[in-house]
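> predicted model follows, preceded by the sequence.
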There are 2 protein chains.
Amino acid sequence: MLQKSVQVNQNKINFYFNASFKQLKQLVNVQSTFIITDANVYALHKSAFKNWKTIVIAAGESNKNLATVQLIIEQLIELKADRTATIIGVGGGVVTDITGFVASIYMRGVAFGFVPTTLLAMVDASIGGKNGVDWNLYKNIIGTIRQPSFLLYDTTFLNTLPELEWQNGFAEIIKHACIKNAAMFTMLEKVNPAALKKNKLQLNQLIQKNVQIKMAVVKNDENEKGERKLLNFGHTLGHAIENEYGLSHGHAVAVGVHYAALLSQQILGFKKAEAVSNLLTKFGLPTTFSFNTEKVMQMLQMDKKRQQAEVHYILLEKIGKGVILPIPLKDLEKMYTQLS
Amino acid sequence: MLQKSVQVNQNKINFYFNASFKQLKQLVNVQSTFIITDANVYALHKSAFKNWKTIVIAAGESNKNLATVQLIIEQLIELKADRTATIIGVGGGVVTDITGFVASIYMRGVAFGFVPTTLLAMVDASIGGKNGVDWNLYKNIIGTIRQPSFLLYDTTFLNTLPELEWQNGFAEIIKHACIKNAAMFTMLEKVNPAALKKNKLQLNQLIQKNVQIKMAVVKNDENEKGERKLLNFGHTLGHAIENEYGLSHGHAVAVGVHYAALLSQQILGFKKAEAVSNLLTKFGLPTTFSFNTEKVMQMLQMDKKRQQAEVHYILLEKIGKGVILPIPLKDLEKMYTQLS
């Protein structure tokens, strides 16, 4: 178990890499700890939850809503969880998002930690303190920003990861490379995806690298006043099409990344749009998707990144250097229409 | 309009005393402001809300729940409220509690302010940053701590205040006197309640004094690690009987204050239990209530002030000096049985 800590404002976050889920009991008081997981993770790893008070929610983004929050809170009350409780989310991004939110509002806030079980959650969703639930098609429209006390990484969970989930994780890894790390972009261009998935050492290094990239941004701008907006690269269009068309998060982001690269080419003279598109394809990700511009513009009206009539769009100057550009909704509509 | 500011951690809170509701438009951008009020306040002051985007919720503690939160959020989305929005709660404690909570979680947090319209909200409920909603009988079991940007005090709202609401306000004022301010206790002993209600100058001074008392405590201990617990004086038993027996908040707290004074006598040799009881009675408040000890103990199991098998109880050493004492639930049960 390799411990690294990052300080974000008043909060110290402990990352335990190369760890085993069994070591969780060294980190918390079992008696006052409550695990939240979903039906899929629970079914795959049932014996791991023995001796833990466990709340199992239905799996999938469609259950990331206030109704599930209420169900969890009812069970916490029933289990007599008090202010000394620690709540631990064991699962993918849906589980960690909802766990962080519940922990932020139960009794006005209790401690929490995460055990991410998907590549996407490991490299992105479970880190940075953003949590929340959806309302209809609006993703994370309800939530808070609050940091977990710790994250425990056990990559044996990836042994049962479906192909689509691998793709979802790599979409965010490619996103990180595009906005912050040209060396990682080059490495990803060279690597064989199938071999990488089987190489635990390389995989652990890649995960740590991505945590490092994201936390360096979050540390300086927890509340997303500036630099943190870069992490939304690919997510403006991505979020707009994800729920509307029922795409997986990674597929939606991949399409968003591709279009953002094309906009970067058009607006900033970015030269590597094709390299970005090739890398996405190599990791099994889609790059184009036939969407209805009108519907997308309607979703952008409610995007959290919108301020009045502009969207803060993330573009690339070059590989490894993302920039934030306010684009009027009207101009965006024109460009989407040309590109789609 | 008299402006006073208090700094709580990173947040500056502006208090506008002796103000008029009409002055609200000087404080915010009308276009990006969304008012939340309840059906009672709206019916009584309909014309005041003209030209404001207003969300009206059903009145009463029984609507302080996640279902109402969801209704409000749906309307905010429909009204296209974005991250630059300011949400303003105009009403009593239920409205300000729910407004503060919605503002904490909508798009991961937007700015908010309050216009308290009841004495209770002016001297207590709307200040200090605690917000939240109930689940069944458990008061404020869901919520956050987050400070409003401003509070505007317009005491003309009190012209239509029902007698029960005056009593609710005075219960918290007496609470503040008991734990923190012997001089105010003496003043309240001398004053004629009917005359005080009509004397706007004296009333405004009393309100400001109470804001000052509460904010001095909150400023030093926003997250209730220590001193802020004092403000729970009368609220341990109070909360336990309030929803269970459908009492008003002030009546429940008055009973809680009386019992806490008796416990203080028994445990700490407090000498003024009778004076406390007389003062409550003078302001029309009850002091005794026949409750079921078993049911109360069941509620205390879920009180946020409980930690494992103890409750952090607030007692009085003398008038103006509250203290915190951990009391085992078992001992408390015995004492309640003896006293009831």
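It's in. Numbers count the residues shown, from 1 in each chain, chains lettered A, B, ... in the order given.
> does A:Ile173 touch A:Asn210 like I think?
Yes. Assessed by C-beta atoms under 8 Å, A:Ile173 is found in contact with A:Asn210 at 5.7 Å. (Glycine included, C-beta is placed from N, CA and C.)
> mind listing the strands the lowest-mean-pLDDT helix or strand in chain A pairs with, and their directions?
The weakest-scoring helix or strand in chain A, judged by mean pLDDT, DSSP states H and E, is strand A:306-307 (a mean of 77). Strand A:306-307 pairs in its sheet with strand A:310-318 (antiparallel), by DSSP bridges.
> quick one: buried residues of the strand it pairs with?
A:Glu310, A:Val311, A:His312, A:Tyr313, A:Ile314, A:Leu315, A:Leu316 (16 or more other C-beta atoms under 10 Å in any protein chain shown).
> next: stretch A:197-216.
So, applying 16+ other C-beta under 10 Å, buried residues of stretch A:197-216: A:Lys197, A:Leu203, A:Asn204, A:Leu206, A:Ile207, A:Gln208, A:Lys209, A:Asn210, A:Val211, A:Ile213, A:Lys214, A:Met215.
> nearest to B:Tyr336, of those?
A:Met215 (49.9 Å; C-beta to C-beta).
> tell me who's in contact with the nearest residue to the closest one once chain neighbours are set aside.
Nearest non-adjacent residue to A:Met215, counting by C-beta to C-beta, 6 or more residues apart in numbering or on different chains: A:Val6, 4.8 Å away. Contacts for A:Val6 (C-beta atoms under 8 Å, 6 or more residues apart in numbering or on different chains) come out as A:Lys12, A:Ile13, A:Phe15, A:Met215, A:Lys219.
> could you dump the residues you listed to a markdown table with secondary structure?
Formatted as a markdown table, those follow (DSSP: H, G, I helix; E, B strand; the rest coil):
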| residue | secondary structure |
| --- | --- |
| A:Lys12 | strand |
| A:Ile13 | strand |
| A:Phe15 | strand |
| A:Met215 | helix |
| A:Lys219 | helix |
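> quick check: PyMOL command selecting the buried ones in those.
In PyMOL syntax, the buried subset of these is picked out as below (16+ other C-beta under 10 Å):
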select buried, chain A and resi 13+15+215+219
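> would you reformat the contacts of A:Val6 as TSV and include pLDDT and distance to B:Trp166?
As requested, those are exported to TSV (pLDDT from 0 to 100; distance: C-beta to C-beta, whole Å):
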residue	pLDDT	distance to B:Trp166
A:Lys12	97	48
A:Ile13	98	48
A:Phe15	98	55
A:Met215	98	53
A:Lys219	97	51
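> which other helices and strands contact the helix or strand A:Gln167 falls within?
Element membership of A:Gln167 [criterion: DSSP states H and E] is helix A:163-180. Helix A:163-180 sits against helix A:119-120, helix A:182-190, helix A:200-220, helix A:249-268, helix A:273-282, strand A:310-318, strand A:321-328, with contacts defined as 3 or more C-beta pairs under 8 Å, 6 or more residues apart in numbering or on different chains; DSSP states H and E.
> now with 6 Å?
helix A:119-120, helix A:182-190, helix A:200-220, helix A:249-268 (3 or more C-beta pairs under 6 Å, 6 or more residues apart in numbering or on different chains; DSSP states H and E).
> now render these as TSV, adding distance to B:Thr144.
Shown next, in TSV, are the helices and strands packed on helix A:163-180 (distance: least, C-beta to C-beta, whole Å):
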stretch	distance to B:Thr144
helix A:119-120	27
helix A:182-190	37
helix A:200-220	20
helix A:249-268	27
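> nearest to B:Leu158, of those?
Comparing the helices and strands packed on helix A:163-180 by C-beta to C-beta, helix A:200-220 comes nearest, at 46.4 Å.
> next, the angle from that closest one to helix A:163-180.
50 degrees (axes from the mean of the first three to the mean of the last three C-alpha atoms, to 10 degrees).
> for the helix or strand following helix A:200-220, the averaged confidence score.
Of the helices and strands lying after helix A:200-220 in sequence (DSSP H and E), the nearest is helix A:235-245. Here helix A:235-245 scores 92 as its mean pLDDT.
> need the residues that contact helix A:235-245.
A:137, A:139, A:252-253, A:256, A:259, A:291, A:295-296, A:299-300, A:305, A:313 (C-beta atoms under 6 Å, 6 or more residues apart in numbering or on different chains).
> how many neighbours does A:Lys4 have?
13 (other C-beta atoms under 10 Å in any protein chain shown).
> neighbour-wise, which one of the contacts of helix A:235-245 leads?
A:Val253 (30 neighbours).
> thought that residue was touching A:Ala171?
Yes. A:Val253 is within contact range of A:Ala171, at 4.5 Å (criterion: C-beta atoms under 6 Å).
> if we can go back for a sec, any idea which element the residue nearest to A:Met215 lies in?
Here A:Val6, judged by DSSP H and E, is contained in strand A:2-8.
> confidence-wise, which of the contacts of helix A:235-245 comes last?
Minimum confidence in these sits at A:Lys305, scoring 75.
> for whichever residue of the stretch 201-340 of chain A sits closest to chain B, give me its contacts.
Residue nearest to chain B within the stretch 201-340 of chain A: A:Lys304 (4.9 Å; C-beta to the nearest C-beta). Applying C-beta under 6 Å, 6+ apart, one finds that A:Lys304 lies in contact with B:Met107.
> distance of it from B:Ile77?
11 Å (C-beta to C-beta, to the nearest Å).
> then A:Met107?
Separation of A:Met107 from B:Ile77 (C-beta to C-beta): 27 Å.
> likewise A:Leu188?
38 Å.
> kindly report the same for A:Gln266.
31 Å.
> what sits against the closest residue to A:Ala260 other than its chain neighbours?
Leaving aside its sequence neighbours, A:Ala260 sits nearest to A:Gly234 (C-beta to C-beta, 6+ apart; 5.5 Å). Residues in contact with A:Gly234 (C-beta under 6 Å, 6+ apart) are A:Lys175, A:Val253, A:Gly256, A:Val257, A:Ala260.
> okay, domains of chain A per the record?
According to automatic domain parsing, chain A comprises the domains A:2-161, A:164-339.
> measure the last one end to end?
From the first residue to the last, domain A:164-339 extends over 26 Å; the measure is C-alpha to C-alpha, to the nearest Å.
> next: stretch A:314-323.
Taking C-alpha to C-alpha, the first and last residues of stretch A:314-323 lie 6 Å apart.
> near chain B, which residues of the stretch 201-340 of chain A show up?
A:Lys304, A:Arg306, A:Gln307 (C-beta under 6 Å from any C-beta of the partner chain).
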